[in-house]
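Visitor: sharing a model prediction with you, sequence too.
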Amino acid sequence: QVQLVESGGGMVKPGDSLTISCVVSGLRFSEYHIGWFRQAPGKEREFVATLTWNGRTPYYADSVKGRFTISRDNTKNTLYLQMDALKPEDTAVYLCAAPNRPFYTNTVPSAYNHWGQGTQVTVSS
């Protein structure tokens, strides 16, 4: 079955950097535009970033553009999210997700049917 496992979350201070990872199994990772989403307490799940299968075209939410960088290693079935200049409002559970078909880009959560459990990122002084 398809599995997505996030890791690397933690507690950091405002302005710090953190990189989280997502290891994917059960599908042809190199064909899927895996995405990052986040969900803060009491808020809806929101799109953060996604990346095309070849790593050439990233898409970012306006709130993270210029601070976050998405990347992937198709030899390791792993997606990364480097987060710089973190702010308290970035505090959330970060989840990676696979869309419902290969070579497909979408920023809407309903377009994704495989989700990881998430990793907590807390930004606080």
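Guide: Right, received. Where do you want to start?
Visitor: and the strands in this structure?
Guide: Assigned by DSSP state E, the chain shows strands spanning 3-7, 10-12, 18-25, 35-39, 46-51, 58-60, 68-73, 78-83, 92-99, 112-115, 119-123.
Visitor: buried sites along the second one?
Guide: Think strand 10-12. Judged by neighbour count using 16 or more other C-beta atoms under 10 Å, the buried positions of strand 10-12 are Val12. C-beta here means a position set from N, CA and C on the backbone, and glycine is covered the same way.
Visitor: if you count contacts, what does it end up packed against?
Guide: Counting contacts by 3 or more C-beta pairs under 8 Å, 6 or more residues apart in numbering; DSSP states H and E, strand 10-12 is packed against strand 119-123.
Visitor: now do the buried residues in the strand it packs on.
Guide: Within strand 119-123, the residues that count as buried by 16+ other C-beta under 10 Å are 119, 121, 123.
Visitor: for stretch 49-66, same thing?
Guide: By neighbour count on 16+ other C-beta under 10 Å, the buried set for stretch 49-66 is 49-53, 58-61, 64.
Visitor: ok, so of those, who is nearest Gly10?
Guide: Using C-beta to C-beta, Val64 comes nearest to Gly10 of the buried residues of stretch 49-66, at 17.7 Å.
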